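1. here you go, sequence then predicted model.
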Amino acid sequence: MSPASVRVDAERLARAVDLFRAQQARGLFPGGQLVVRRRRGLVASVAVGLARGARGEEAAAPATASTRFNMHSASKPLVGLCIARLEEAGAVALEAPVARYVPEFAANGKGAITLLDVLTHRGGVLLPELIASPERWADPEAVLRALADAVPSYPRGTLAYHPHEFGWILAEVVRRVAGEPLDAFCTRELLAPAGLGEMAFRGEAAWRGEVARTYWVGRRPHRLNGVDLAPLLETTFQAEPAFSTLVPGASLWTDAAHLAGFYEVLVAGGVTREGRRLLREETVRAYTARAVFGLDRANRVPMTVGRGFLVGAPWPSFYGGWGTSGCFGHAGALDTLAFGDHATGLAAALVTNGSGGNMDFLRRFRPLVSALRKACLS
């Protein structure tokens with residue numbers, strides 16, 4: 001299907017693609033992928049630069065359309081929608097405390113924290129020590145003990161982004177309620193029916209040497225909740241146990257084409273390209289709508305949050321200038337952004353392997369998303 005047949009401004013779309021290429025040429029990231037879909041049509045698919053070997057640490061490997069990248073926190077919407085799937089089935093209630101499903105979680109003053117609190121990053125439970133201890137991630141019992149032993153860092157209701165805690169808490173709820181790990185549940189209930197079963201929360205041995213390597217291109221150190229992101233991204237997530245371990249909400253191995261395809265389903269109201277309904281339209285709208293706006297205590301930046309999504313607003317956001325309320329998606333490791341736009345029908349994934357911090361993310365992605373949205377016609 002050609003861009004013209006799905007009504008985009010070809011000249012403006014070309015400018016957006018050129019901007020993405022120019023950012024890579026200026027060294028803002030070693031390599032990446034850009035995929036844009038609209039109204040069931042593919043309107044752009046670009047791969048640029050290097051997936052690996054950008055600093056001579058190994059043989060240079062180009063980024064191709066099928067190269068798998070670690071999407072990091074761009075996996076959070078998938079975790080959130082697993083809760084949505086259970087909610088639709090009547091198996092969980094968002095206003096119920098997490099402790100209803102994971103009784104151990106109630107310890108140390110956490111008994112009132114609800115599923116909705118966690119979905120909207122207002123649970124107040126932050127575990128920087130666990131995030132900095134990847135050798136513990138592969139031990140579900142160690143993670144569960146850390147969640148149970150945790151003392152809230154902030155009062156319930158405080159907006160404080162949960163980088164890993166979001167996924168660990170909600171994945172344990174899914175495991176208790178559905179009786180299987182979150183990745184298996186997500187694949188069976190959402191990804192496989194959408195034709196996106198190759199998206200994976202865990203890396204496989206056969207992919208070693210083929211997946212993209214993440215590079216820190218900003219100032220060091222860059223701390224989030226007391227954890228320096230540079231070594232976490234460049235070292236921890238490149239090695240065992242993080243590569244093959246389920247790190248829900250903080251790791252997803254896929255490419256931009258599959259990620260854009262996931263948002264295409266949501267823009268279509270929860271319906272796949274084949275016409276199969278995965279989620280009710282009202283569920284999709286509820287999860288992708290603005291639930292909270294405020295100063296995120298973890299990142300020290302304003303944040304507009306849905307249920308597992310970072311959403312647009314009437315005021316300027318990283319989705320662009322004024323009037324981005326229809327946008328919903330998530331960033332990953334400050335080097336990737338995937339989103340859908342109810343207003344324009346866009347579904348896009350802008351994936352790179354160069355992370356440089358909050359301001360770098362804003363400078364790179366805001367003009368790209370703005371250009372893509374302007375390319376849409378009514």
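-> On my side now, so go ahead. Numbering: from 1, shown residues only.
2. in the stretch 251-378 of the chain, which spans are helices?
-> In the stretch 251-378 of the chain, helices defined by DSSP state H, counting those that start in this stretch lie at 256-267, 281-288, 358-374, listed in chain order.
3. deepest of those helices, which one?
-> helix 256-267 (a mean of 25; mean count of other C-beta atoms under 10 Å). The way it works is simple: take the backbone N, C-alpha and C, and place the C-beta from them, glycine included.
4. that helix packs against which elements?
-> strand 31-38, strand 336-341, strand 346-352 (3 or more C-beta pairs under 8 Å, 6 or more residues apart in numbering; DSSP states H and E).
5. need the ones you listed in CSV with distance to R290, mean neighbour count and mean pLDDT, can you?
-> Output for the helices and strands packed on helix 256-267, formatted as CSV (distance: least, C-beta to C-beta, whole Å; neighbours: other C-beta atoms under 10 Å; pLDDT from 0 to 100):
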stretch, distance to R290, mean neighbour count, mean pLDDT
strand 31-38, 23, 26, 97
strand 336-341, 14, 28, 98
strand 346-352, 18, 29, 98
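6. run the chain-centre distance for stretch 142-161.
-> 21 Å (C-alpha atoms, centre = their mean, to the nearest Å).
7. straight-line length of that stretch, end to end?
-> From its first residue to its last, stretch 142-161 covers 22 Å (C-alpha to C-alpha, to the nearest Å).
8. pLDDT averaged over it - what is it?
-> The pLDDT scores in stretch 142-161 average 97.
9. just to revisit the earlier point, right, and the helices and strands packed on helix 256-267 - which one's nearest D255?
-> With respect to D255, and counting by C-beta to C-beta, the nearest of the helices and strands packed on helix 256-267 is strand 31-38 at 6.1 Å.
10. taking strand 336-341 as reference, get the angle to that closest one.
-> 10 degrees (axes from the mean of the first three to the mean of the last three C-alpha atoms, to 10 degrees).
11. what is the subsequent helix or strand relative to strand 31-38?
-> strand 41-52 (DSSP states H and E).
12. output the contacting helices and strands for that next one.
-> Looks like strand 41-52 contacts helix 10-25, strand 31-38, strand 61-62 (3+ C-beta pairs under 8 Å, 6+ apart).
13. what does the pLDDT read for Y319?
-> 95.
14. where does V6 land on pLDDT?
-> 67.
15. my bad, should have said S378
-> Reported pLDDT for S378: 54.
16. again, but for R297
-> At R297, pLDDT is 93.
17. sorry, back to before: right, so of the helices and strands packed on helix 256-267, which gets closest to L115?
-> strand 336-341 (22.8 Å).
18. who's in contact with stretch 226-241?
-> With C-beta atoms under 8 Å, 6 or more residues apart in numbering as the test, stretch 226-241 has contacts from 70, 72, 128, 131-132, 134-135, 137-138, 163, 213-216, 218, 220-223, 242-243, 251, 333-334, 355, 357.
19. leaving out sequence neighbours, find the closest residue to the residue nearest in space to the middle of the chain.
-> Taking C-alpha atoms, centre = their mean as the criterion, A74 is the residue nearest the geometric centre of the chain, at 1.1 Å. Using C-beta to C-beta, 6 or more residues apart in numbering and skipping residues adjacent in sequence, the residue nearest A74 is G332, 3.3 Å away.
20. ok, that neighbour touching G32?
-> No: using C-beta atoms under 8 Å, G332 makes no contact with G32, being 11.9 Å away.
21. I'd guessed L224 sits against P163; true?
-> Yes: here L224 reaches P163: they are 6.1 Å apart, a contact under C-beta under 8 Å.
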